[in-house]
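1. Sequence plus the predicted model coming up.
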Amino acid sequence: MGALTIDVTFIRERQRSGCYMGTFGTGAFSSDGAMDFLDDLVAHPLEERTAVLAREFSSVKEHPELLWREFFPDRVVACAAVVAATLPGGDVFAERLRYLYDEDLLEDIPLHAPAPGLAGDALTALLVVASQDGPWHQGWRNESDAAEARKTTDTLVRVLDEAAR
């Protein structure tokens, strides 16, 4: 839990100062893009959120050429992790969302019920940005961060693939 506490302190300081930090960890919700996506998602009424996620996945799947213009890898990973958080094996993502909510960094938990119907589309979109050498896996500061980022997406792939079967 110590690393999470550091994250929260750092995030709060940056939010108060109006500064944005880009990526501040290797987790699915550890970037400005991911946090912005979560804020946007929970601004929608609860009953609309699965449709919002479905549109995100559809856009990535149908227009992968728009990567870096209309969508970014961190946002896609966060979208997939929101779905995974509702599925068996996605506890690590659910716990992180709960933590962000408990620390008042998130206004609501994005989904309150399992969303197995989105698992296949989430997996497809995730693989656009996080396949073997996808853009999610590029540009990490060091090999340790790169390995941790790969663990994040490997877990997402496993959870989503199992639910999509």
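-> Yes, it's here. Everything numeric in this text was worked out from a predicted model, so none of it was measured. Numbers count the residues shown, from 1 in each chain.

2. Would you agree Ala149 is in contact with Trp136?
-> Yes: at 6.7 Å, Ala149 counts as touching Trp136 under the criterion of Cβ atoms under 8 Å. C-betas here are computed from N, CA, C, even on glycine.

3. which other helices and strands contact the one helix or strand Val129 maps to?
-> Using DSSP states H and E, Val129 falls within helix 119-130. Contacts defined by 3 or more Cβ pairs under 8 Å, 6 or more residues apart in numbering; DSSP states H and E place helix 119-130 against helix 49-62, helix 73-84, helix 143-164.

4. Helix 49-62 and that helix, what's the angle between them?
-> 50 degrees (axes from the mean of the first three to the mean of the last three Cα atoms, to 10 degrees).

5. Mind listing residues that contact helix 119-130?
-> Helix 119-130 has contacts (Cβ atoms under 8 Å, 6 or more residues apart in numbering) with 53-54, 56-58, 60-61, 64, 67, 73, 76-77, 79-80, 83-84, 87, 134-137, 153, 156-157, 159-161, 163-164.

6. Any of these buried? List them.
-> Taking 16 or more other Cβ atoms under 10 Å as the criterion, what is buried in the contacts of helix 119-130 is 53-54, 56-57, 60, 67, 73, 76-77, 79-80, 83-84, 87, 134-137, 153, 156-157, 159-160, 163-164.

7. Glu162 versus Ala54, what's the distance?
-> Separation of Ala54 from Glu162 (Cβ to Cβ, to the nearest Å): 20 Å.

8. no no, Ser144
-> Ser144 is 27 Å from Glu162, where distance means Cβ to Cβ.

9. got the contact list for Phe72?
-> By Cβ under 8 Å, 6+ apart, the contact list for Phe72 reads Gly33.

10. Next one: it, what pLDDT does it get?
-> Predicted confidence (pLDDT) for Phe72: 92.

11. And for the one 4 residues further on?
-> We have a pLDDT of 96 for Val76.

12. ok, now how distant is the closest residue to it other than its chain neighbours from Leu123?
-> Among residues not flanking Val76 along the chain, Val129 sits closest, at 4.6 Å (Cβ to Cβ, 6 or more residues apart in numbering). Val129 sits 12 Å away from Leu123, going by Cβ to Cβ.
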